[in-house]
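Chemist: Output the structure for:
(4 chains)
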There are 2 protein chains.
Amino acid sequence: MNEQAIQRVMARAETLCRERGVRLTPQRSRVLQLLIAAEKPLSAYDLLERLRGSVKNPAPPTVYRALDFLMEQGLIHKLESIHAYVGCTHPEHPHAGQFLICAECGEVAEVEDPRVTESLQAAGQAQGFRTHRPVVELLGTCADCRHAKNRSD
Amino acid sequence: MNEQAIQRVMARAETLCRERGVRLTPQRSRVLQLLIAAEKPLSAYDLLERLRGSVKNPAPPTVYRALDFLMEQGLIHKLESIHAYVGCTHPEHPHAGQFLICAECGEVAEVEDPRVTESLQAAGQAQGFRTHRPVVELLGTCADCRHAKNRSD
DNA sequence: TGTGTAATGTTATAATATAACATATTCTGG
DNA sequence: CCAGAATATGTTATATTATAACATTACACA
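Modeler: Here you go, the predicted structure:
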């Protein structure tokens, strides 16, 4: 993602936090920026490494606290199946999202398919279940990687 | 689950493995049995503890190898969001399954809703994505726990 | 019965995540 | 502005989850 696009996302995040009366502190902001700029999922320890540039001596709690905050605010998502975190592509409205995770190239696409959302809700309700956090991650091969390997797989 | 029901599931697993020409060794069998009997998800290290009864000096690879085998054979599932494993309720046909995980009591219900399965497949296909392993876990509150807390939440 | 493959044993360590408590910063009401 | 509360960060240690690497054993089957 180019510098301008990153700045746009960061500005939006700042606005959202101001509106909500929560503090997007420099550390939190830095972690978000790193995730946005990476354009792919990063592990907490990847982030820890990258923080060395801007924070003196970062320890695991530093990054985990920032990640917790950013997840609470819906600015990032955690990918449970690969222990990694990604910037959210549309943080305006609260949502869970569904993720297509390519095992070949590591790229992740976030989608929000109404049919998926609705059918999941229905499946839960049928059992009297109240969903707080849906985890929907499809592990597989993205279009690009399938084509690169002559359409099979 | 009562002893008889456990034996039924174990017998079915043995049949399946025999048909497939794979070996349900005593250790693998024991791990499966522990998961079936528990009726709730167990972590790898929970299992490691429980193995001390039947295996002399079990180490982590012992249990992880058994879990890998059982997952390959579709006899158990891994719950990514809580780092735990559960016995599969219908291992006859290969499937991924969707899980309702209660954060209050820890109970897990496995469902296989056709609408969910289809909508997920469609969502992937729309992006040219080939799904190998869908991870669908709904974290929330089960009917029993909602009722126990006078229907709210 | 030998020989290759699959399974297990064993030790060490990697990778992910949190506990606990000290310090610093920011916010709010007086 | 100040005191006290609430929030955020620093720091050290440790818990939890998972795998690497290599030795040994068991099994399959020609």
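Chemist: Report whether residue A:100 is found in a strand, as I expect.
Modeler: Yes - using DSSP: H, G, I helix; E, B strand; the rest coil, the secondary structure at residue A:100 is a strand.
Chemist: Tell me who's in contact with it.
Modeler: A:108-109, A:111, A:138, A:140, A:142, B:123-124, B:127, B:129, B:131 (C-beta atoms under 8 Å, 6 or more residues apart in numbering or on different chains). C-betas here are computed from N, CA, C, even on glycine.
Chemist: would a markdown table of those residues with neighbour count and pLDDT be doable?
Modeler: Shown next, in a markdown table, are the contacts of residue A:100 (neighbours: other C-beta atoms under 10 Å in any protein chain shown; pLDDT from 0 to 100):
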| residue | neighbour count | pLDDT |
| --- | --- | --- |
| A:108 | 20 | 97 |
| A:109 | 18 | 96 |
| A:111 | 17 | 95 |
| A:138 | 27 | 98 |
| A:140 | 19 | 97 |
| A:142 | 23 | 97 |
| B:123 | 23 | 97 |
| B:124 | 23 | 97 |
| B:127 | 13 | 97 |
| B:129 | 21 | 98 |
| B:131 | 19 | 96 |
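Chemist: Spell out which parts of chain A neighbour DNA strand C.
Modeler: A:23, A:43-45, A:59-61, A:64, A:83-84 (C-beta under 7 Å from any atom of the strand).
Chemist: among those, which are in helices?
Modeler: Among the residues of chain A next to DNA strand C, the subset assigned to helices under DSSP state H consists of A:44-45, A:60-61, A:64.
Chemist: List only those of those flagged as buried.
Modeler: residue A:44 (16 or more other C-beta atoms under 10 Å in any protein chain shown).
Chemist: ok so, going back, so which of the contacts of residue A:100 comes closest to DNA strand D?
Modeler: Lowest distance from DNA strand D to the contacts of residue A:100 (C-beta to the nearest atom of the strand) belongs to residue A:140, with 17.8 Å.
Chemist: Any idea how far the one helix or strand residue A:117 maps to is from the middle of the chain?
Modeler: Counting by DSSP states H and E, the element that carries residue A:117 is helix A:114-125. Taking C-alpha atoms, centre = their mean, to the nearest Å, the mean C-alpha location of helix A:114-125 is offset from the chain mean by 21 Å.
Chemist: now do stretch A:128-146
Modeler: For stretch A:128-146, the distance to the chain centre is 13 Å (C-alpha atoms, centre = their mean).
Chemist: which helices and strands does the lengthiest helix in chain A pack with?
Modeler: With DSSP H setting the assignment, residue counts place helix A:3-20 as the longest helix in chain A. On a contact count with 3 or more C-beta pairs under 8 Å, 6 or more residues apart in numbering or on different chains; DSSP states H and E, helix A:3-20 meets helix A:26-38.
Chemist: so what does the helix it packs on touch, helix or strand wise?
Modeler: So helix A:26-38, by 3+ C-beta pairs under 8 Å, 6+ apart, packs with helix A:3-20, helix A:44-51, helix A:60-72, strand A:84-87.
Chemist: So is the last one next to chain B?
Modeler: No - counting by C-beta under 8 Å from any C-beta of the partner chain, chain B has no neighbours in strand A:84-87; the shortest distance is 11.9 Å.
Chemist: what about that strand, average pLDDT?
Modeler: Averaged across strand A:84-87, the pLDDT comes to 98.
Chemist: Residues in contact with that strand: which ones?
Modeler: A:9, A:32, A:35-36, A:38, A:40-44, A:46-47, A:67, A:71, A:75-79, A:99, A:108, A:110.
Chemist: Which pair of the residues of chain A next to DNA strand C spans the longest distance?
Modeler: A:23 and A:83 (26.9 Å; C-beta to C-beta).
Chemist: residues from chain A in reach of DNA strand D?
Modeler: Within chain A, the positions near DNA strand D by C-beta under 7 Å from any atom of the strand are A:22-23, A:25-28, A:55-62, A:65-66, A:69.
Chemist: which among those end up buried?
Modeler: A:27-28, A:55, A:58, A:62, A:66, A:69.
Chemist: For residue A:62, list the residues it contacts.
Modeler: A:27, A:48, A:51, A:55.
Chemist: next helix or strand past the longest strand anywhere in chain A?
Modeler: Secondary structure of chain A per DSSP state E: the longest strand is strand A:130-141. Following strand A:130-141 in sequence order, the next helix or strand is helix A:143-148 (DSSP H and E).
Chemist: That next one and chain B in contact?
Modeler: Yes - Helix A:143-148 lies within reach of chain B by C-beta under 8 Å from any C-beta, at A:143, A:146.
Chemist: And that helix, what's buried?
Modeler: Applying 16+ other C-beta under 10 Å to helix A:143-148 flags A:143, A:145-146 as buried.
Chemist: And for stretch A:101-113?
Modeler: A:101-102, A:108-111, A:113.
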